[in-house]
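Peer 1: Next input, structure requested:
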Amino acid sequence: MEDYEVKVPFQSLQALGCHVDAVCPSKKAGDTCPTA
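Peer 2: Next up is the predicted model:
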């Protein structure tokens, strides 16, 4: 997963005033998601 694959839509939706949550199966709050 590339950074911008998540970052761009995430920030775009936030800029429009949407509340956005990021969810990753088998991860807990504060865990990291390794990127390429």
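
Peer 1: With K27 as the reference, measure out to S12.
Peer 2: 23 Å (C-beta to C-beta, to the nearest Å). Heads up, the C-betas are built off the backbone N, CA and C, glycines and all.

Peer 1: Show the pLDDT at P34.
Peer 2: pLDDT, P34: 70.

Peer 1: That one - how many residues pack around it?
Peer 2: 5 (other C-beta atoms under 10 Å).

Peer 1: how much space between it and L13?
Peer 2: Distance from P34 to L13, by C-beta to C-beta: 23 Å.

Peer 1: swap in D3?
Peer 2: According to C-beta to C-beta, D3 and L13 sit 16 Å apart.

Peer 1: ditto for E5
Peer 2: 14 Å.

Peer 1: any weak-confidence spans in this structure?
Peer 2: Along the chain, the parts satisfying pLDDT under 70 run over 1-2, 35-36.

Peer 1: ok, which stretches of it are strands?
Peer 2: Secondary structure of the chain (DSSP state E): no strands located.

Peer 1: for it, what spans make up the helices?
Peer 2: All helices of the chain, identified by DSSP state H, fall at 3-15.

Peer 1: In contact with V6, which residues?
Peer 2: By C-beta atoms under 8 Å, 6 or more residues apart in numbering, V6 lies in contact with A22.

Peer 1: can we see that at 6 Å?
Peer 2: By C-beta atoms under 6 Å, 6 or more residues apart in numbering, the contact list for V6 is empty.

Peer 1: Equivalent analysis for Q14, please.
Peer 2: Q14 sits next to V20 when contact means C-beta under 6 Å, 6+ apart.

Peer 1: quick one: it from P34, how far?
Peer 2: Distance, Q14 to P34, using C-beta to C-beta: 23 Å.

Peer 1: and what of L16?
Peer 2: To P34, L16 is 29 Å away according to C-beta to C-beta.

Peer 1: end-to-end on stretch 9-24?
Peer 2: 16 Å (C-alpha to C-alpha, to the nearest Å).

Peer 1: With stretch 13-27 instead?
Peer 2: End-to-end distance for stretch 13-27: 23 Å, by C-alpha to C-alpha.

Peer 1: chain center to it: distance?
Peer 2: When distances are taken as C-alpha atoms, centre = their mean, to the nearest Å, stretch 13-27 is centred 6 Å away from the chain's centroid.
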